[in-house]
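Student: Fold the following for me, if possible:
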Amino acid sequence: MEVKQQKKGILGKTIQVRLVSDLKKSQKYYRDVLGCKVDDWGHAEREGMTIILQQSNSPDDVRPNAVSKKRSDYPTDWEGPEFGWDTYIHVSWDDLDTLVEEIRGNGGKIEVEPFTGTHGHWEFKNTCIKDPDGYNIVLGSMREIQ
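Tutor: Here you go, the predicted structure:
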């Protein structure tokens, strides 16, 4: 009996779309604070990060994520974040502190100072910055514990 392999398509790069209360203000923030290349379409790009900023119809439509429910069934003893995550950007361990100082120097708000922890055999370091609409952007890095 012949088994047919089903062909699968390939998913491309994921781009996050974010509703904002003031498009011009958000474009300025992503350009001047986060160092993104920002175009008139609302694309904000820097290295591997791309976010499309779109003007909301009403400020009430702008809804950053709430804190997620804690879970006890993760593969390690972690139960979930202590604050809402809207974007998670993986960065190298050595770049995280440099990025924090760059963003702070550009007038960005560091909502959660860098902190470290462990997940099983991995050590992580995260920080959180907040954009003008209150979206939490997590910069995170991991490395295997030696």
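
Student: and the longest helix belonging to the chain, which residues are buried?
Tutor: The residue-count maximum for a helix in the chain (DSSP state H) belongs to helix 93-105. Residues L96, L99, V100, I103 are the ones in helix 93-105 that count as buried (16 or more other Cβ atoms under 10 Å). To be clear about C-beta, it is placed using only N, CA and C from the backbone, and glycine gets the same treatment.

Student: give me the number of residues near the closest residue to V100 other than its chain neighbours?
Tutor: Leaving aside its sequence neighbours, V100 sits nearest to T127 (Cβ to Cβ, 6 or more residues apart in numbering; 5.5 Å). Other residues within reach of T127, judged by other Cβ atoms under 10 Å, total 21.

Student: Same check on S92?
Tutor: S92 is flanked by 11 other residues according to other Cβ under 10 Å.

Student: same question, S141
Tutor: Neighbourhood size, S141 [other Cβ under 10 Å]: 21.

Student: so the residue nearest to V100, which of the three states?
Tutor: With DSSP: H, G, I helix; E, B strand; the rest coil as the basis, T127 sits in strand.

Student: With D39 as the reference, measure out to it.
Tutor: Distance, T127 to D39, using Cβ to Cβ, to the nearest Å: 27 Å.

Student: Also K109?
Tutor: Separation of K109 from D39 (Cβ to Cβ): 24 Å.

Student: Now do the domain split for the chain, please.
Tutor: 12-57, 66-146 (automatic domain parsing).

Student: so how far is the first one off the chain centroid?
Tutor: This points to domain 12-57. Here domain 12-57 is found 12 Å from its chain centre; the criterion is Cα atoms, centre = their mean, to the nearest Å.

Student: what's the average pLDDT for it?
Tutor: Model confidence over domain 12-57 averages 97 on the pLDDT scale.

Student: hey, what's R46 bridged with?
Tutor: Judged by DSSP bridges, the bridge partners of R46 are M49.
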